[in-house]
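Engineer: My questions concern the predicted model and sequence given below.
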Amino acid sequence: MADTDTVHVTTHHGEVVVHVCGNGPSVVLLHANPGSSQDFAGVVGPLAQTHRVVAVDWPGYGVSPAPDAASFRGAVTYRDCLVEVLDDLATQLGREPPPR
């Protein structure tokens, strides 16, 4: 990936690792399941020339630890977890959460 800062963000579901580089309007890269932020290695450099790129490692993927197994009850729970993680990331990285 391009020259990035690795940021460890504490969320309601534990630590999430994001990789941030570039300046300008933010572009948030969200990988599929399975995957990691490394899925975007080929596009981060070009995007970072004109944008602030935020590549997320979802909980349990890439270098982010897995969420607490005691609170996990399947795909619907994980879906809700991802929405909450995005809200936490937006708030802590200096952007407002997206409208729902």
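Structural biologist: The structure has been received and is ready for your questions. Numbers count the residues shown, from 1 in each chain.
Engineer: Helices of the chain, residue ranges please.
Structural biologist: 41-48, 75-92 (DSSP state H).
Engineer: Mean confidence (pLDDT) on stretch 18-37, please.
Structural biologist: Stretch 18-37 shows a mean pLDDT of 92.
Engineer: buried ones in that stretch?
Structural biologist: Residues 18-19, 21-22, 27-29, 31, 36-37 are the ones in stretch 18-37 that count as buried (16 or more other C-beta atoms under 10 Å). The C-beta positions use only the backbone N, C-alpha and C, and glycine is treated the same way.
Engineer: Can you get me the start-to-end distance on it?
Structural biologist: One end of stretch 18-37 to the other measures 8 Å (C-alpha to C-alpha, to the nearest Å).
Engineer: Residues touching it, excluding its own?
Structural biologist: 1-7, 9, 17, 39-40, 43-44, 47-58, 61-63, 89, 93, 95 (C-beta atoms under 8 Å, 6 or more residues apart in numbering).
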